[in-house]
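Colleague: Quick one, what's the 3D model for this:
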Amino acid sequence: METAIGAANWLVSKLLSKLSDDLVAAFVASSELGLNSEQIKTKLSYMQGLLHAAQDRDVHNNPGLQSLLEDLGKKADEAEDALDELHYFMIQDQLDGTQEAAADLGDGLRGQVLHGRHAARYTIGNWLPCFSCSRTQDDDSVAATVVTSNPHSVTQSDSGDGGGHVGKLKFDRVLMSKKIKSVIEGIHNLCDPVSDLLNKIPNTSTVVTTKRQIHSCIPAVEQEKHNCTNETASLDLLQKSIIERLKSKMFLIVLDDIWNCNSEADWKNLLSPFTKGETKGNIVLVTTRFPSIVEMVKTTDPIELSGLEPNDFFALFEACIFDHSKLPANYDDDLIDVARNIARKLKGSPLAANTVGRLLRKNLSREYWMEVLEKNEWKNTKTDDDIMPSLKISYDCLPFYLKKSFSYCSLFPEDYKFDNFEITRFWITLGIVDFSSQNIKNYLEELVGNGFLMKGGDNSREYYVMHDLFHELSRNVSSQECFNICNLSFRADDIPKSIRHLSITIENIYDESFVEEMGKLRSMIHIENLWSLMIFGSHGVRIANILKDTFEDIKGLRVLFIAMETQESLPNNFSNLIHLQYLKISSPYWLEITLPSTLSRLYHLKFLDLRDWHGNENLPKDFSRLVYLRHFHSSKKSHSNIPEVGKLKHLEELKEFHVKKENDGFELKELGELSGLGGELSIYNLETVRSKADAGAAKLKNKGNLKELRLVWSKAEQQPIDGDVLEGLHPPINIRVLGIINPGGTAGPSWLCGDVSTKKLESLHLEGVSWSTLPPFDQLSNLSKVTFSNIVGMRLFGHGVGGVTERSFTHLKEIVFEDMAELVEWVGGPSSHMFSRLESIEIKGCPILCSFPFLECSDVFPR
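Modeller: Next up is the predicted model:
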């Protein structure tokens, strides 16, 4: 029941968010539906408050409430779909300069008002029409069709060099207005009964419940002044009774396996009776699985229990199998190797040893043990002291947002290495995490802290992995809405009709049974209602065609992970995926194919992942119509090929930008529109920028999330370069890494060589400069790496030369001299505190360097 309440609260929250969107708010004034939207939003907000409060209460099973919450969830999903469709067509209106989706305000005002704040001036309290998308105009259940001169445009692809606009969708106002009215009225009718039942949930705090349990364990004393009935006593009376019973006693109280404590105030409240005794030496011992609880309650260093060492664990495992009986005669010959393989899978867990030991004890044959090993039979055990029920207890006491985050991990293959980008963007797309939240990565860390994920990594990246037992748990708890097809023997009949998220892990060459079961799948589940479809693993054209046929009717997808094995392997309905927000698309190395031209019609797309795309990198010419795109994970070349990138106002990373003066859509002013850019950015061909004003149009100074910036002029450019251009390319003051290459001019910019504003720089790369004065390095106290390359006129380096003082380079760890044809001498000695943290010196292409004092102390520098 707690999960159902959490899910309903989540869905209502998403629906309210849709209703509050500025674009959607314009339709609040529509005269076509005649519903009081303000009243509906008020009722939803009231119910949301009750749902939120109910999550912290002791909620027992209530079949009536459960059924109403399920109905509410279905209606909320339907409403979200409809509002999403409305939003799509309003975006299309904005892009095309049309008013086809404008609200009908009555009195001839249709199309006159495009913003909710203006609409409110005319009429408040009406509802909205909406519009839906479909592949065929004859389908009465939907209202949109593809308008295009080419009937195959949904599967045809177009390189970035050809074609223009790919067609648009139209809609039927009347049909969708009826749909919206039905859905909203259904939600309105559910609000009152759900709220009434929620109001009847008793408000009993965790502290009171725990106090009652403690009170019942402490024997009463004679002539107790505050004697009370355990079930009905107030918190205050319980506190006084516990104090009285423990007053003259020495005690050890063990609070075993604490799962939840809402706040430090609650903990102190719980602990207060134990601090009033007259004896010394009393102890309260706490055990818990959760680091957050440890931080709240600890008064000394905690003792962390981890998995047993392999040898100790195997000894315990054998004891659990044979229950201290004599080993069978065939153990060393037939069984011990299988036992060790199973033990490795259990990863030191005593609980797992106990569960699997009981399984193996039933049949001491090698065949049975191999079956247990291969099928992971222990994952299906059901008694209370087995693995899954025990792990489920830990899951049950997670907050709802972590339950939801964890459960959706079931869609990924076992032992999958989650990277931060992929999993958090997946959660954002499904509405589990708000994109504006500052705690997105904390969800991962909380799951790690609670033992549901493990952190790993190497030199190239950090990742997260899930123990296979927890992966099985995630499959169990999400079984009604998520399913992962991961083996040859899957049966379509085993997949619940209610699933909304489906993944397929392709590990083998599938046989005819796979083809047959995939055919059944189309009739078993509602393909058009899927929100996620994720294909993992490589596969050939035959499998691609099976998948294409199976998922021909996809319509409501928010997430799609798919491989293009041929130019025609995408589902036919791909161009109509108007809800799609996260697309990960890949292609084989050996196939030269292009991205689908209809990609640019997916206006709701927020995350596009082309890291595994190996085909043609040209983008559709109208790629900039993806106005809600936030992250474009791709090569630098693809980033540099986005025309009119300034239209992608939500974009948060652009690795490269090439200024092309002769091409509209590649001027520096495009960057000026991207206020949210972060990460790294390299700007090339700056020699084509002719004035400080043109440079300033990039508004680099305002991009506070930018961490790395490279400014590059072409060395081959022979025309005079205006030194003020670099002055206009002022980076944000918190920039960490800066590179300036071949800028021309005889003086550096004031923001670096005068009144320095980039004082947080940690790495500076100067190349091809001929400035009369280098930066005052004593003002760049955070520098840990400096690179000098082809610096004209630099003959000396060190204390007293070129902006270097005793206070310079105090944190420097790495310095590089490269192609310094004029450098003769490094002034100063190794004893200087300027370079006290130096770890690495790299010198190449310095043919006349004759004095290098650190050479005598080369043993100081391990690299």
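
Colleague: Geometrically speaking, which residue is the centre of the protein?
Modeller: Thr424 (0.8 Å; C-alpha atoms, centre = their mean).

Colleague: and that residue, what helix or strand is that in?
Modeller: Assignment of secondary structure by DSSP states H and E places Thr424 within helix 420-429.

Colleague: Tell me the helices and strands packed up against that helix.
Modeller: helix 440-449, strand 462-465, strand 582-586, strand 607-609, strand 631-633 (3 or more C-beta pairs under 8 Å, 6 or more residues apart in numbering; DSSP states H and E). (Glycine included, C-beta is placed from N, CA and C.)

Colleague: Which residues does the fourth one contact?
Modeller: If I follow you right, that is strand 607-609. Outside strand 607-609, the residues within contact range by C-beta atoms under 8 Å, 6 or more residues apart in numbering are 422, 425, 428-429, 581-585, 626, 629-634.

Colleague: again with the last one
Modeller: Here strand 631-633 makes contact (C-beta under 8 Å, 6+ apart) with 421, 425, 606-611, 638-639, 642, 651-654.

Colleague: how does it look with 7 Å?
Modeller: Under the criterion C-beta atoms under 7 Å, 6 or more residues apart in numbering, residues Phe421, Arg425, Phe607, Leu608, Asp609, Leu610, Arg611, His639, Leu651, Glu652, Glu653 lie in contact with strand 631-633.

Colleague: buried stuff in the helix or strand harbouring Glu516?
Modeller: Applying DSSP H and E as the criterion places Glu516 in helix 512-524. The neighbour-count criterion (16 or more other C-beta atoms under 10 Å) identifies Phe514, Glu517, Met518, Leu521, Met524 as the buried residues of helix 512-524.

Colleague: Now tell me what touches that helix from outside.
Modeller: Leu488, Phe490, Arg491, Ala492, Asp493, Ile495, Lys497, Ile546, Thr550.

Colleague: These in helices, which ones?
Modeller: Applying DSSP state H to the contacts of helix 512-524, the entries found in helices are Ile546, Thr550.

Colleague: For PyMOL, write the select line for the buried members of the contacts of helix 512-524.
Modeller: Buried residues within the contacts of helix 512-524, as defined by 16+ other C-beta under 10 Å, are selected in PyMOL through the command that follows:
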select buried, resi 490+492+495+546+550
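
Colleague: before we move on, back to that, now the helix holding Thr424: how far from the chain's centre is it?
Modeller: The chain centroid and the centroid of helix 420-429 are separated by 2 Å under C-alpha atoms, centre = their mean, to the nearest Å.

Colleague: could the buried residues of helix 512-524 be laid out in JSON lines, adding pLDDT and distance to Leu86?
Modeller: Shown next, in JSON lines, are these (pLDDT from 0 to 100; distance: C-beta to C-beta, whole Å):
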{"residue": "Phe514", "pLDDT": "80", "distance to Leu86": "39"}
{"residue": "Glu517", "pLDDT": "86", "distance to Leu86": "37"}
{"residue": "Met518", "pLDDT": "85", "distance to Leu86": "34"}
{"residue": "Leu521", "pLDDT": "89", "distance to Leu86": "31"}
{"residue": "Met524", "pLDDT": "87", "distance to Leu86": "31"}
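
Colleague: and these as a markdown table, adding distance to Ser538?
Modeller: Below are the buried residues of helix 512-524 laid out as a markdown table (distance: C-beta to C-beta, whole Å):
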| residue | distance to Ser538 |
| --- | --- |
| Phe514 | 15 |
| Glu517 | 20 |
| Met518 | 17 |
| Leu521 | 21 |
| Met524 | 26 |
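
Colleague: Please identify which of those is nearest to Ser503.
Modeller: Proximity to Ser503 was ranked across those by C-beta to C-beta; first place goes to Leu521, at 12.9 Å.

Colleague: quick one: the closest one and Asn742, what's the gap?
Modeller: 59 Å (C-beta to C-beta, to the nearest Å).

Colleague: Ok, Leu68 next?
Modeller: To Asn742, Leu68 is 69 Å away according to C-beta to C-beta.

Colleague: Over to Lys417?
Modeller: Spatial separation of Lys417 from Asn742 under the definition C-beta to C-beta is 40 Å.

Colleague: just His614 next, same as before
Modeller: From His614 over to Asn742 the distance is 32 Å, taken as C-beta to C-beta.

Colleague: again, but for Glu825
Modeller: From Glu825 across to Asn742, the span is 25 Å (C-beta to C-beta).

Colleague: And Ser575, by the same measure?
Modeller: Distance, Ser575 to Asn742, using C-beta to C-beta: 44 Å.

Colleague: who has more neighbours, these two?
Modeller: Taking Ser575 and Asn742 together and counting by other C-beta atoms under 10 Å, Ser575 has the greater number of neighbours (26 against 20).

Colleague: most residues in a single helix of this protein, which one?
Modeller: Looking only at the chain and at elements set by DSSP H, the helix with the highest residue count is helix 63-96.

Colleague: Kindly spell out which helices and strands sit in contact with that helix.
Modeller: Applying 3 or more C-beta pairs under 7 Å, 6 or more residues apart in numbering; DSSP states H and E, one finds that helix 63-96 makes contact with helix 2-19, helix 22-25, helix 173-199.

Colleague: Pull out the buried residues from it.
Modeller: Counting neighbours by 16+ other C-beta under 10 Å, one finds that the buried residues in helix 63-96 are 65, 68-69, 71-93, 95.

Colleague: Check stretch 421-435 too.
Modeller: Judged by neighbour count (16+ other C-beta under 10 Å), stretch 421-435 contains these buried residues: Glu422, Ile423, Thr424, Arg425, Phe426, Trp427, Ile428, Thr429, Leu430, Gly431, Ile432, Val433.

Colleague: Could I get the CA-only coordinates of that stretch as CSV?
Modeller: As requested, C-alpha coordinates have been extracted for stretch 421-435 and formatted as CSV (Å, rounded to 0.1, in the frame of the first residue of the first chain):
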residue,chain,number,x,y,z
PHE,A,421,24.9,10.2,-17.5
GLU,A,422,22.9,7.3,-18.7
ILE,A,423,21.1,6.2,-15.6
THR,A,424,20.3,9.7,-14.3
ARG,A,425,19.0,10.9,-17.7
PHE,A,426,16.9,7.7,-17.8
TRP,A,427,15.4,8.6,-14.4
ILE,A,428,14.8,12.2,-15.5
THR,A,429,13.0,11.1,-18.7
LEU,A,430,10.6,8.9,-16.7
GLY,A,431,9.9,11.7,-14.2
ILE,A,432,11.5,10.1,-11.2
VAL,A,433,14.0,12.9,-10.9
ASP,A,434,13.3,16.6,-11.6
PHE,A,435,15.9,17.9,-14.1
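
Colleague: Any chance you could list what contacts it?
Modeller: For stretch 421-435, contacts defined as C-beta under 7 Å, 6+ apart pick out 14, 401, 404-405, 408, 440-441, 443-444, 531, 558-559, 581-582, 606-607, 631, 633.

Colleague: For Ser675, report the pLDDT, please.
Modeller: Reading off the confidence values, Ser675 has pLDDT 92.

Colleague: Verify the stated contact: it with Asn702.
Modeller: Yes: A contact is recorded between Ser675 and Asn702 when judged using C-beta atoms under 7 Å, the distance being 6.2 Å.

Colleague: quick revisit: which stretch among the helices and strands packed on helix 63-96 comes nearest Ala339?
Modeller: Of all those, helix 2-19 comes closest under C-beta to C-beta, at 37.2 Å.

Colleague: what's the model's confidence in that closest one, averaged?
Modeller: Within the predicted structure, the mean pLDDT of helix 2-19 is 70.

Colleague: Let me see the contact set for Met370.
Modeller: By C-beta under 7 Å, 6+ apart, Met370 lies in contact with Val338.

Colleague: can you pull the buried residues of the strand or helix carrying it?
Modeller: Here Met370 is covered by helix 366-375, with elements defined by DSSP H and E. Of the residues in helix 366-375, Tyr368, Trp369, Val372, Leu373 count as buried by neighbour count, 16+ other C-beta under 10 Å.

Colleague: can you put those in TSV and add pLDDT?
Modeller: Compiled in TSV, the buried residues of helix 366-375 are given as follows (pLDDT from 0 to 100):
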residue	pLDDT
Tyr368	84
Trp369	84
Val372	79
Leu373	79
